[in-house]
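Undergrad: Here is a sequence with its predicted model. Questions after.
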Amino acid sequence: MFHGRLPRREWAGVLAIAGGLAGLLYFLSPGSGSAHPLPVYRWAIGITINLAVVAGLVIAARSGGSSRRAALFGIATGATFGLTAALMKAMTGALAGGPAKLFLTWPTYAMVVTGVLGIFLLQSALHAGSLVAAQPGVTAADPLVSILWGTFAFGEGVRGGGYLLLAVASAVVIAIGITELIRSPFLAPTTVQPSAGDPR
């Protein structure tokens, strides 16, 4: 598609993200959660933490090279989409009370707001750098945040013991893969040097 070959370092980063994500899902093996709606205070705590992480990433993305900015905006986008998924779960749960209740529950409107915020951050990521730099963060952060919401908020069961250690190791592999792609010179913008006699 891009009429070029991806160097080994970048392939290693891509494979680390894909393999780490697959390992994380396999080792945690999240099960079904509670059918009871979350208390408002737990929603408040979770949303506050989630948005604080997003804000920190956005602030960090305001400095550095284009690939670093795109990557951090991409991670912020994925984290926002993870929050949107949690709100979507609450919204669809309200359907049990009939379609009319869908418009009478606050997660419906919160989901719309976070969805718009996620799209805005995605556009910021693409404006800051290339799709290749932004996409790994989006791809990795979304399921990571969704798993955290499922585990700590919705009570989804996960494996413990040695599996938990392997899941943490998988998350570290994902972080290493993203870091390698952020630092990749292959993703840095190239500048065309004018030739001799060029009026530019």
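TA: Cool, got the structure. Residues are numbered from 1 along each chain as shown.

Undergrad: Which elements pack onto the longest helix seen in the chain?
TA: The single longest helix within the chain, with elements called by DSSP state H, is helix 66-93. Counting contacts by 3 or more C-beta pairs under 8 Å, 6 or more residues apart in numbering; DSSP states H and E, helix 66-93 is packed against helix 40-60, helix 106-128, helix 131-152, helix 162-182. C-betas here are computed from N, CA, C, even on glycine.

Undergrad: The last one - what's its average pLDDT?
TA: What that stands for is helix 162-182. Mean per-residue pLDDT for helix 162-182: 88.

Undergrad: Just the residues contacting that helix, thanks.
TA: Here helix 162-182 makes contact (C-beta atoms under 8 Å, 6 or more residues apart in numbering) with 9-10, 12-17, 19-24, 27-29, 67-68, 71, 75, 132-133, 136-137, 140, 144, 158-159, 187.

Undergrad: where are the low-confidence patches of the chain?
TA: Within the chain, the ranges that satisfy pLDDT under 70 run 1-4, 32-36, 186-200.

Undergrad: rerun at 80
TA: The chain contains residues with pLDDT under 80 at 1-6, 30-37, 93-98, 132, 155-158, 181-200.

Undergrad: Return the set of buried residues in stretch 48-59.
TA: Residues Asn50, Val53, Val54, Leu57, Val58 are the ones in stretch 48-59 that count as buried (16 or more other C-beta atoms under 10 Å).
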